[in-house]
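**Q** got a sequence here, can you model it:
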Amino acid sequence: MAKRVSKPTTPVDPRWQGSQFWYRAKVGEPVHDKLVEYGTALRGLYASAHARDRVHERIYDGAELRRYASAIQALQARGLSAARLNASKAVVNTVVSRLSKQRPMPSFVVDDADWSLKRKAKQYRKFIVGEMMQTDFDARSKEALRDGAIIGTGLTRIDDTGDGDKVFAERVLREELLLDPRECRYGKPQQAILIRRYARAHLAEMFPEHAGAIFNAPPSQQRPQENLDDDLATTLDLDDYVDAYEAWHLPRNEDGRRVLCIDGATLVSEQWHEERFPIAMYRYQKPQRGVWGRGLIFDLKDLQHRVNCIVRDMQMNLQATGRGHYVMQEANAVPAELLTGLQPFVLKYKGQQPPTWTAPTPINPAQLSMLQFFLQQMFELPGVSQAAAASRSSLGAGASGVALDTQYDIESERFAMEEAQYAEYRLEAAQLYIDASKRVARKRAEGKDEKRKPYVSGWLGRDAIEKLEHDKVSLESDDYRLQLEAVNFIPDTRAGKLSAVGRLAQAGVIPQWLSAALFDEPDLQRANKITLAAFYNCERKMETCADPDKPMPGPAPYNDLDLELTMCTAYLNNAEAENAPSEVIERYLQYLSLVEDAIGKKKAAEAPPVDPAMAAAAAGAGPGMVPGIGQTVPPMSGGAMPPEMMPPLAA
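**A** Predicted structure coming up:
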């Protein structure tokens, strides 16, 4: 039998041998030796990518890079600063402003569930949205949106504090998150490492049992991208800081792990139950392969460089041709230092006949034409109009609201994919809020001996702040499907709002008298507070009737009783269709009866008073009216009453 000959293989880097399997250690066992090696190796692989991201950030900021240092020094030697025309920043800011207008929030879909679960889903949505508002998620999402537009990927960490205290949301720099490129081919890595710099004293306060190892750990190292044309000093004193490695491994069997360690000690080692990392990722352009996205600056940097070069050349030409030029006879020449103006130039000649001087053209028209062409391409390639970047309409000052809305819709089609990516990011963030909330509730339940208060979130309603307890409103993952709620578009321009107000008044949605007030300040939310006040109040009462723990509401004469009768009937039928508890059905029936009684009393009070004489005349009564019968007695012959008109005999 022939002996199998193994093919030669590439030697394996010793930094990778076994270090990527740090998660195989049991919970509580130290893993810092392997994890620090693994994170250091990944940092080396991403060094060039992180430096490129920093370059993109500097281009967005309008700063010059080191490779242009000679040109900058040449200008500064002449008393000038570097000229730049930063169109990249205008493009990025316009895109971010447009996409950040859409702020969809999550909703829980439980279509096939019973009444109690649907009611619970509404409460759970209030809890999660309340947490998102308390942690200022809208601000964090704008930061991720801007980072994605600049470097391609924006990151937001949504996690619990670790001690069961609360949920937090914070921005994460791309250079801080490390993913194994061997796992990123299909965009589904199994482990992630977050490397951050902490002050030794702060970390020792958090983990006093490891204070010795923290103060003895090697100091944090300054990364090359940190001083890439930074305004800070080129070297930082980092002796009092240490790098902390926080890593997650997604569970496949029982190997889900979360650890926090430094070089020399493992600070935290626990089980990780979630099927995702606690980091929401927004990518402006999704890659064909891998995880990291691509931003706008990647496509604009070459054009921006060419624009800067043209502007710099034009500036130097203006400097050379615009300064003072003096033609003097050599015998009577005045030193240039005694002349006024910026860097004057003296041309000396001999003889009596001065030379002919022709002033050169400061700016070449072809150069200016190319500058305008490059600027136009920088806006048109990403799909951003120069009019939008300048906050003006290409339709002119007299354009109607309908025309402005149509133009906005046409421009929005170009960003449909980017808007979908942003919506996907917010949906992912909502799921992370759910995961973090469950961890906080679980850790609080495990620490009941410490007499901790239940996990409560606040929801700002129309009339008060509603406190919701997590354990009473939370849903299991199999009970719901998470999706984004629909977001209606209202024009942001004044002309668009006025046009919308006119159409709503014409359709009868808002009264005509209110439309005149809105022309002064077209705020549709202000109009809804007036036109929908009765509906909002009735909706609040219907929600109260559905909660047996709350006191029963009641109708008032100033309420829209007809609307309440319609809504109560609808809510009653909906409760029966969803198999609501009998006590809830009874509360709706009781409120329906109260509304009907109030309507009857209101009609009776509004009826005009009845004059007995006029009522009798209207009924055709005369002298022959029989008291208590209410019928007119016809004339009797011979004093006898017809038998058919005889009153019934008392029993």
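**Q** can you confirm Ala192 is in a strand?
**A** Yes. Secondary structure of Ala192 (DSSP: H, G, I helix; E, B strand; the rest coil): part of a strand.
**Q** who's it bridged to?
**A** Leu179, Trp248 (DSSP bridges).
**Q** my read: it touches Trp248, true?
**A** Yes. Counting by Cβ atoms under 8 Å, Ala192 touches Trp248, with 5.4 Å between them. Any C-beta I mention is one placed from the backbone N, CA and C, and that applies to glycine too.
**Q** what about those two, which has more around it?
**A** Trp248 (22 against 19; other Cβ atoms under 10 Å).
**Q** need the contact list for the more buried one.
**A** 191-192, 257-258, 272, 277-278 (Cβ atoms under 8 Å, 6 or more residues apart in numbering).
**Q** mind checking which of those are in strands?
**A** 191-192, 257-258 (DSSP state E).
**Q** reformat those residues into JSON lines and put distance to Pro219 next to each item.
**A** Shown next, in JSON lines, are the ones in strands among the contacts of Trp248 (distance: Cβ to Cβ, whole Å):
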{"residue": "Gln191", "distance to Pro219": "26"}
{"residue": "Ala192", "distance to Pro219": "25"}
{"residue": "Arg257", "distance to Pro219": "27"}
{"residue": "Arg258", "distance to Pro219": "25"}
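**Q** Ala201: which of those residues is nearest?
**A** Closest approach to Ala201 among the ones in strands among the contacts of Trp248 (Cβ to Cβ): Arg258, at 24.2 Å.
**Q** give me the below-cutoff pLDDT ranges for the stretch 301-450 of the chain.
**A** For the stretch 301-450 of the chain, applying pLDDT under 70 flags the ranges 319-320, 322-323, 336-343, 385-414, 448-450.
**Q** just the pLDDT at Pro278, thanks.
**A** In this model, Pro278 is scored at 96, pLDDT.
**Q** swap in the one 4 residues further on?
**A** Tyr282 carries a pLDDT score of 94 in this model.
**Q** who touches both of Ala192 and Trp248?
**A** Common neighbours of Ala192 and Trp248 (Cβ under 8 Å, 6+ apart) are Phe277.
**Q** element containing Val129?
**A** Counting by DSSP states H and E, the element that carries Val129 is helix 115-134.
**Q** hmm, who's touching that helix?
**A** 105-110, 113, 138, 167, 169, 429-430, 433-434, 437, 457-460, 466, 468, 470, 472-475, 479-480, 546, 575, 578-581, 584.
**Q** now, those residues that are in helices?
**A** 138, 429-430, 433-434, 437, 470, 472-473, 575, 584 (DSSP state H).
**Q** in this structure, what helix or strand scores lowest on average pLDDT?
**A** None of the helices or strands of the chain scores lower by mean pLDDT, DSSP states H and E than helix 401-414, at a mean of 51.
**Q** how close does Leu155 get to Tyr425?
**A** 10 Å (Cβ to Cβ, to the nearest Å).
**Q** give me the common contacts of those two.
**A** By Cβ under 8 Å, 6+ apart, the residues touching both Leu155 and Tyr425 are 144, 280-282.
**Q** and the residue lying closest to Gly295 once chain neighbours are set aside, how many neighbours does it have?
**A** Closest residue to Gly295 apart from its sequence neighbours, by Cβ to Cβ, 6 or more residues apart in numbering: Gly152 at 4.0 Å. For Gly152, the neighbour count with other Cβ under 10 Å is 23.
**Q** for Gly152, give me its contacts.
**A** Per Cβ under 8 Å, 6+ apart, neighbours of Gly152: 283-285, 292-295, 298.
**Q** can you name the two of the shared contacts of Leu155 and Tyr425 that sit furthest apart?
**A** Ala144 and Met281 (8.2 Å).
**Q** so what pairs up with the nearest residue to Lys467 once chain neighbours are set aside in the strands?
**A** Leaving aside its sequence neighbours, Lys467 sits nearest to Val456 (Cβ to Cβ, 6+ apart; 5.3 Å). Taking DSSP bridges as the rule, Val456 bridges to Glu469.
**Q** tell me which residues in the helix holding Val129 are buried?
**A** 115, 117-121, 123-132 (16 or more other Cβ atoms under 10 Å).
**Q** now for the residues you listed: which two are most distant?
**A** Going by Cβ to Cβ, the pair spanning these furthest: Trp115 and Met132, at 26.5 Å.
**Q** list just the nearest of the ones in strands among the contacts of Trp248 to Asn559.
**A** Nearest to Asn559 among the ones in strands among the contacts of Trp248, with distances taken as Cβ to Cβ, is Arg258, at 53.6 Å.
**Q** and the helices in the stretch 1-150 of the chain?
**A** Applying DSSP state H, counting those that start in this stretch to the stretch 1-150 of the chain gives helices spanning 32-45, 47-61, 69-77, 87-99, 115-134, 137-151.
**Q** lowest-confidence stretch among those?
**A** helix 69-77 (a mean of 54).
**Q** same list, the helices of the stretch 1-150 of the chain, but as JSON lines with distance to Gly324 please.
**A** As requested, the helices of the stretch 1-150 of the chain are arranged in JSON lines below (distance: least, Cβ to Cβ, whole Å):
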{"stretch": "helix 32-45", "distance to Gly324": "56"}
{"stretch": "helix 47-61", "distance to Gly324": "36"}
{"stretch": "helix 69-77", "distance to Gly324": "18"}
{"stretch": "helix 87-99", "distance to Gly324": "33"}
{"stretch": "helix 115-134", "distance to Gly324": "63"}
{"stretch": "helix 137-151", "distance to Gly324": "43"}
